[in-house]
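>>> no sequence on this one, just coordinates:
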């Protein structure tokens, strides 16, 4: 996102609903520039009209940041989750194992209905879609007759890097999606550019 549009969002977040004149004065932009930025932000779903403010001549439209804009602001989820896992592993390793098993069970239960009735290529394609939705940037290929699944991103790498148990949980979830055993031959956790799995015979 361009810096100026981010400044518009920050102003709306900190000050609440603002009019175009409010933003012109605060950000030292022209009226046309502010309107252009608001139009773009509205099209992206990050800003919406909130109502009107009475004026001496005519009401002014108020704009506010939408709940979707929250995702654009800094978050500390990774570091917080990593700290929780660190404490669990230090104080009660068994609790960490049980917790991650429960998380894995929840992931499987959530996604199982989408793949349960599918077989072969149809199931693998649906699994690929689920992985893409979760941010794993998956690709599927064939190598000497073997089916290959690759992940070009790990959205929980910050956690997996320090806790192999997280990788194990993801691996179990992947196998449930694909409906076949997966042999991991490359892994981003080891510093490789992507994770690669050879897909075995469906169970």
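Alright, I've got the coordinates. Just so it is clear, the structure is predicted and the values come from calculations on it, not from any experiment. Numbers count the residues shown, from 1 in each chain.
>>> make it CA atoms for all contacts and neighbour counts henceforth
Noted.
>>> Pull up the pairing partners for the helix or strand that contains residue 48, direction included.
Here residue 48 sits within strand 47-53, counting by DSSP states H and E. Applying DSSP bridges, strand 47-53 is found paired with strand 60-65 (antiparallel).
>>> Other residues contacting the strand it pairs with?
With CA atoms under 8 Å, 6 or more residues apart in numbering as the test, strand 60-65 has contacts from 9, 12-13, 16-20, 46-54.
>>> Give me the buried entries from those residues.
Neighbour-count burial (16 or more other CA atoms under 10 Å) is assigned, among those, to 9, 12, 13, 17, 18, 19, 20, 46, 47, 48, 49.
>>> Of these, which is the nearest to residue 115?
Of all these, residue 115 sits closest to residue 46, with 33.1 Å by CA to CA.
>>> Check what pLDDT the closest one gets.
Per-residue confidence (pLDDT) for residue 46: 95.
>>> surely it meets residue 71?
No. Counting by CA atoms under 8 Å, residue 46 does not reach residue 71; the two are 9.6 Å apart.
>>> Show me the helices in the chain, by range?
Under the criterion DSSP state H, helices of the chain are mapped to 3-15, 20-27, 31-43, 77-91, 93-115, 120-133, 157-160, 164-178.
>>> so which of the ones you listed comes closest to residue 192?
In terms of CA to CA, the element of the helices of the chain nearest to residue 192 is helix 157-160, at 12.4 Å.
>>> in the closest one, what's buried?
By 16+ other CA under 10 Å, the buried positions in helix 157-160 come out as 159, 160.
>>> and residue 68, how many residues sit next to it?
Neighbour count of residue 68, defined by other CA atoms under 10 Å: 11.
>>> Quick check: closest non-adjacent residue to residue 153.
Leaving aside its sequence neighbours, residue 153 sits nearest to residue 136 (CA to CA, 6 or more residues apart in numbering; 4.7 Å).
>>> Just read off the phi/psi values of that neighbour.
Reported as degrees, to the nearest 10, the phi and psi values for residue 136 are phi -90, psi -10.
>>> Could you check the pLDDT of it?
pLDDT, residue 136: 95.
>>> need the contact list for it.
Under the criterion of CA under 8 Å, 6+ apart, the contact partners of residue 136 comprise 151, 152, 153, 154, 155.
>>> just to revisit the earlier point, got TSV for the helices of the chain, with distance to residue 143 and mean pLDDT too?
Formatted as TSV, the helices of the chain follow (distance: least, CA to CA, whole Å; pLDDT from 0 to 100):
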stretch	distance to residue 143	mean pLDDT
helix 3-15	44	92
helix 20-27	55	95
helix 31-43	43	96
helix 77-91	35	90
helix 93-115	24	95
helix 120-133	15	96
helix 157-160	26	90
helix 164-178	17	95
